[in-house]
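> let's see this in three dimensions:
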Amino acid sequence: MPKRARSTSTATVSDLQEHLDTVLLRARGGPRSPNAKRIVQQRLTASLENESTGIRRLEPLLLFAGKNDPNTVSGVPMISSKLNYNLSRDFLPPAPSGKTLSRLSQPQADTIIGYLSNNQALSIEPPLGTAFSVDEEEALANFTLNPVLVFPFLSSQWKPASGESHVIAHVQSAWNGATIVRYLDEFYGIARGQPPTALECSHISETCDIQAVNIWIHWRELDNAGAATYYMKSIYDCTLRNEKHLLEARELLWNHIEFALHGRLQSLKQAVGLFSDKFTKTRIKTAKNAGASGSTVGSNLITITPISLPPTPSAIYSGFEPDKRENKRQRVEDNGLNG
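You can find the predicted model right below:
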């Protein structure tokens, strides 16, 4: 039986639930990509490889590349994919009380997709189009997760078929996802002077151990005092042996890419227009307050409660159920096809 996300009485989660039902899980028409079939064909070979080689074999088939990638024939415009991408520690939520997570002290995604920067776009002949103008990027120069990629929106963690558990990838994905969610939360909060919706600061990630793939949504919820608690939830999972389910997984990820290039991009650009002047004023005010109190100026603009790091998919916040619908980057020229 297919498992779908349940409705919930929590307003912030309902916002994500509607997005899940109407955007991410929307069926796509048109021709289907052969990449799902290629993943099934490559799975066994990839399972015999180490982590890096396995990623190199399967990641281009499961995920997406931008037009700046020299190995793709028809990349997605205005996006870019990066390997081993460090996220700024400035937005790293504190570890849960009593837990030692020294291995995760530097949040790093195995691969991550975001908006193509102007520096990289202009380094290619002919120059590529970008989602943000040079002036908009300059407004974010002192407030960034990593200057080589603008507003990352799809990250991934990979493990070899033998070795580290897929659960380790879940935890790493939780750490990275919470860092990105916190960054978006602070960005919108500065720009508008009020907290963003759960959807606006949400993030999508993927984990894979060459045997199975899991797609996650990350978000935060605020208590009455405005303190944030971070969550992640599996919204789709399947094995790499099932071509039909892999088509559905890629369909969901394509829907997320389209949302990132339309609804999310529009929201971010509107906020960037408000951000620059307010960020400057916030920094001046924070510096004055710190100087008066003798404290050190930090990046923490809001109170952060410990991140919720689920040990397994079944232990995650129960607002959603994973979706397994029964009906419904070798970077190749079909990278633009549905599924």
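
> for the rest of this, base every contact and every neighbour count on C-alpha atoms.
Noted.

> where do the strands sit along this structure?
79-86, 108-116, 149-158, 203-208, 212-222, 228-239 (DSSP state E).

> I'd like to know which elements the second one is packed against.
Counting contacts by 3 or more Cα pairs under 8 Å, 6 or more residues apart in numbering; DSSP states H and E, strand 108-116 is packed against strand 79-86, strand 149-158, helix 166-192.

> what strands line up against that strand, and which way round?
Strand 108-116 has the following strand partners under DSSP bridges: strand 79-86 (antiparallel), strand 149-158 (antiparallel).

> now the angle from the shortest one to helix 166-192?
Meaning strand 79-86. Strand 79-86 runs at 110 degrees relative to helix 166-192, counting by axes from the mean of the first three to the mean of the last three Cα atoms, to 10 degrees.

> just to revisit the earlier point, tell me which of the strands paired with strand 108-116 lies nearest to K37.
strand 149-158 (19.8 Å; Cα to Cα).

> neighbouring contacts of that closest one?
51, 55, 80, 109-117, 137, 144-145, 166, 169-170, 172-173, 177, 180, 203-210, 260 (Cα atoms under 8 Å, 6 or more residues apart in numbering).

> as TSV, the strands paired with strand 108-116 with mean neighbour count would be great.
Formatted as TSV, the strands paired with strand 108-116 follow (neighbours: other Cα atoms under 10 Å):
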stretch	mean neighbour count
strand 79-86	19
strand 149-158	24
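
> could you dump those to a markdown table with distance to F64 and mean pLDDT?
Output for the strands paired with strand 108-116, formatted as a markdown table (distance: least, Cα to Cα, whole Å; pLDDT from 0 to 100):
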| stretch | distance to F64 | mean pLDDT |
| --- | --- | --- |
| strand 79-86 | 7 | 95 |
| strand 149-158 | 10 | 97 |
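
> format those as TSV; extra columns: distance to P70.
Output for the strands paired with strand 108-116, formatted as TSV (distance: least, Cα to Cα, whole Å):
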stretch	distance to P70
strand 79-86	11
strand 149-158	17
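
> wait, which of those is closest to T229?
strand 149-158 (19.6 Å).

> out of the helices and strands packed on strand 108-116, flag the one nearest L16.
Using Cα to Cα, the helices and strands packed on strand 108-116 put helix 166-192 closest to L16, at 13.6 Å.

> buried ones in the closest one, by neighbour count?
Across helix 166-192, burial judged by 16 or more other Cα atoms under 10 Å covers 166-192.

> repeat that for stretch 220-238.
So, applying 16+ other Cα under 10 Å, buried residues of stretch 220-238: 220-222, 228-238.

> now those residues as TSV including distance to E59?
Converted to TSV, the buried residues of stretch 220-238 look like this (distance: Cα to Cα, whole Å):
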residue	distance to E59
R220	28
E221	31
L222	34
A228	32
T229	31
Y230	27
Y231	25
M232	22
K233	22
S234	19
I235	19
Y236	17
D237	16
C238	15
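
> pick the one among these closest to S33.
C238 (17.6 Å).

> how about low-confidence regions in the stretch 151-300 of the chain?
Counting by pLDDT under 70, the low-confidence segments of the stretch 151-300 of the chain come to 280-300.

> A249 - how many residues pack around it?
Residues lying near A249 (other Cα atoms under 10 Å) number 26.

> next, work out how far apart the residue lying closest to R241 once chain neighbours are set aside and W254 are.
The shortest distance from R241 to any non-neighbouring residue, by Cα to Cα, 6 or more residues apart in numbering, is to V40 (5.3 Å). Distance, V40 to W254, by Cα to Cα, to the nearest Å: 19 Å.

> what do you get for L44?
25 Å.

> which one of these two has more residues nearby?
Each of L44 and W254 has its neighbours counted (other Cα under 10 Å); W254 has more, 21 against 15.

> re the thing from before, closest to T22 out of the strands of the chain?
Nearest of the strands of the chain (Cα to Cα): strand 228-239, 13.5 Å.

> tell me what that closest one is packed against?
Packing contacts for strand 228-239, counted by 3+ Cα pairs under 8 Å, 6+ apart, involve helix 166-192, strand 212-222, helix 243-261.

> point out the other helices and strands that the last one packs with.
In this structure, helix 243-261 makes packing contacts with helix 35-47, strand 228-239, judged by 3+ Cα pairs under 8 Å, 6+ apart.

> ok, the longest one next?
Counting contacts by 3+ Cα pairs under 8 Å, 6+ apart, the secondary-structure elements packed against helix 166-192 are strand 108-116, strand 149-158, strand 203-208, strand 212-222, strand 228-239, helix 263-293.

> quick one on the thing from earlier: pLDDT score for the residue nearest to R241?
We note a pLDDT of 97 for V40 in this prediction.

> I figured it hits N242, correct?
Yes - contact criterion Cα atoms under 8 Å: V40 and N242 qualify, at 7.0 Å.

> comparing these two, which residue is more hemmed in?
Applying other Cα under 10 Å to V40 and N242 shows that V40 carries more neighbours, namely 18 against 14.

> list the buried residues for stretch 247-267?
247-257, 259-261, 264-265.
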